[in-house]
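A.B. asks: Quick check, what structure comes out for this input:
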Amino acid sequence: MTMLYDQPASIVMQSALRVTFRHCDHSAALEARARDLIARLEHGHRNIVACHVVIEAPSAHHAKGGAFIVNVELSLPGTAIHASSTHGVQVGHHDAYVALRDAFENAKRQLNNLALAE
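C.D. replies: So this is what the prediction gives:
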């Protein structure tokens, strides 16, 4: 599968983006990556009106050996898409950037399926 997320986005994000960090400090770099990934999704799917990304680190109780989980909620006219980095058998990722990538790949797959169904 070809990854489209290796180059910086050259378009301006049109939808509202909200990034929430749970059990971890805010990371400007992770937020910037989320902005880049939503801009890429918008490039092929211009009907996205809002995006909420939740980046969840292992809680302090489970910090050792825990995994990051990222959830992406996209709002589109008449519907919403909920995507997670834990799609399939994966429980989570030890790298927040990999979890972010996987959640957006899942969202992209769902957007493509939605476009095919229309």
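
A.B. asks: going forward, measure contacts and count neighbours with C-alpha atoms only.
C.D. replies: Noted.

A.B. asks: Ala67 and Ala57 touch, don't they?
C.D. replies: Yes: Ala67 lies in contact with Ala57 (C-alpha atoms under 8 Å); the separation is 6.6 Å.

A.B. asks: which one of the two has more residues nearby?
C.D. replies: A side-by-side neighbour count of Ala67 and Ala57, using other C-alpha atoms under 10 Å, places Ala57 first with 23 against 19.

A.B. asks: Test my guess that that one contacts Asn71.
C.D. replies: No: here Ala57 lies out of contact with Asn71, judged by C-alpha under 8 Å, at a distance of 11.7 Å.

A.B. asks: Arg18 belongs to a strand?
C.D. replies: Yes: assessed by DSSP: H, G, I helix; E, B strand; the rest coil, Arg18 belongs to a strand.

A.B. asks: buried stuff in the longest helix along the chain?
C.D. replies: Assignment by DSSP state H gives helix 96-117 as the longest helix of the chain. Buried residues in helix 96-117, counted by 16 or more other C-alpha atoms under 10 Å: 96-108, 111.

A.B. asks: Between these, which sits nearest Cys24?
C.D. replies: Proximity of the buried residues of helix 96-117 to Cys24 (C-alpha to C-alpha) peaks at Ala96, which lies at 10.9 Å.
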